[in-house]
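Participant: next input, structure requested:
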Amino acid sequence: MNIKTTAGEETISCGYDVWQPGQTTLFNDFWVVGPTPVVASGAWTAEENFTMVVRLYETPFFHTLVYHFVGDEMLIETWVNASLEATKTLLLTAHPA
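Facilitator: You can find the predicted model right below:
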């Protein structure tokens, strides 16, 4: 997964049937400085849905990202397993350029 942010580009490698190690600042909160160690794994959970789990393994947190492919669009649904705030689902939509 490659994501462009205001700080630069982030890459999280995702294994299939295996946990792929890496690090990212994508899920950092204000009190976390620097890259966080992660492992990621994913699988096709439906014909048009790919589900990826990113575990911040030095913490109790993991993020679930579900990629919904519909026509030439992609909808990303993401949430965290636990939070000090109310957990809520974030939806992002991608369109071809």
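
Participant: where in this structure is pLDDT low?
Facilitator: 30-31, 84-88, 95, 97 (pLDDT under 70).

Participant: report the central residue of it.
Facilitator: The centre of the chain sits closest to L65, judged by Cα atoms, centre = their mean, with a distance of 4.9 Å.

Participant: which residues does the helix or strand encompassing that one contact?
Facilitator: Following DSSP states H and E, one finds L65 within strand 62-70. By Cβ atoms under 8 Å, 6 or more residues apart in numbering, the residues outside strand 62-70 that reach it are 1, 27, 45, 48-56, 74-81. In short, each C-beta sits where N, CA and C put it, glycine included.

Participant: could you point out which element follows that strand?
Facilitator: strand 73-80.

Participant: so which residues of this structure form strands?
Facilitator: 2-5, 8-11, 15-16, 20-24, 36-46, 49-55, 62-70, 73-80, 90-94 (DSSP state E).

Participant: may I have the beta-bridge partners of T64?
Facilitator: T64 forms beta bridges with V53, W79, as assigned by DSSP bridges.

Participant: out of the contacts of strand 62-70, which are buried?
Facilitator: Among these, those scoring as buried are 1, 27, 50-56, 74, 76, 78, 80 (criterion: 16 or more other Cβ atoms under 10 Å).

Participant: mind putting these into TSV with distance to A7?
Facilitator: Below are the buried ones among the contacts of strand 62-70 laid out as TSV (distance: Cβ to Cβ, whole Å):
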residue	distance to A7
M1	16
F27	13
F50	25
T51	26
M52	21
V53	24
V54	18
R55	22
L56	18
M74	22
I76	19
T78	18
V80	20
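
Participant: before we move on, the earlier item: just say which of the strands of the chain is most tucked in.
Facilitator: Most buried of the strands of the chain, by mean neighbour count (mean count of other Cβ atoms under 10 Å): strand 49-55, with a mean of 18.

Participant: what is that strand packed up against?
Facilitator: On a contact count with 3 or more Cβ pairs under 8 Å, 6 or more residues apart in numbering; DSSP states H and E, strand 49-55 meets strand 36-46, strand 62-70.
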